[in-house]
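Engineer: the following comprises the amino acid sequence and a computationally predicted model.
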Amino acid sequence: MAAKKTAAPKTTATKKATAPKASTKKSIKDPTVKVVFQYQDVEFTEASCVKKAQAGFKKAFKDVELKTLDIYIKPEERKVYYVGNGKFEGFVDL
């Protein structure tokens, strides 16, 4: 006795692709951070050092546009040294 093969029924309905639902969770933000350095009797922030270095650069090199700024903080000397645009050097007091 031979088994009869039955063809799988053909379906004409197609499944629609469903887009993933938007997340209803609130996005997690990075916290606001303030860095404060304390050395002996001096207290200063990273932001204040950057502002002082930028101001010192603009005062010393009036005709030069500041594109990059590297700062070096030396609290033991109470100075912020800077290098603007990779070649213009100077310092300001903390």
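Structural biologist: That came in fine, so what should we check first? For clarity, every value in this text was computed on a predicted model and none was experimentally measured.
Engineer: alpha carbons only for contacts and neighbour counts from here, please
Structural biologist: Will do.
Engineer: residue 69 touches residue 84, doesn't it?
Structural biologist: Yes: look at residue 69 against residue 84 with Cα atoms under 8 Å: they come within range, at 4.6 Å.
Engineer: quick one: the helices in this structure?
Structural biologist: In the chain, the helices defined using DSSP state H lie at 46-60.
Engineer: per-residue pLDDT, the most centrally placed residue in it?
Structural biologist: Nearest to the mean C-alpha position of the chain, by Cα atoms, centre = their mean, lies residue 30 at 10.1 Å. If you check residue 30, the pLDDT there is 87.
Engineer: ok, now residue 18?
Structural biologist: Among the per-residue scores, residue 18 shows a pLDDT of 64.
Engineer: OK, contacts around residue 56?
Structural biologist: Going by Cα atoms under 8 Å, 6 or more residues apart in numbering, residue 56 touches 90, 91, 92.
Engineer: save the residues you listed as TSV, and put in neighbour count too.
Structural biologist: What follows is the contacts of residue 56, written out as TSV (neighbours: other Cα atoms under 10 Å):
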residue	neighbour count
90	16
91	18
92	17
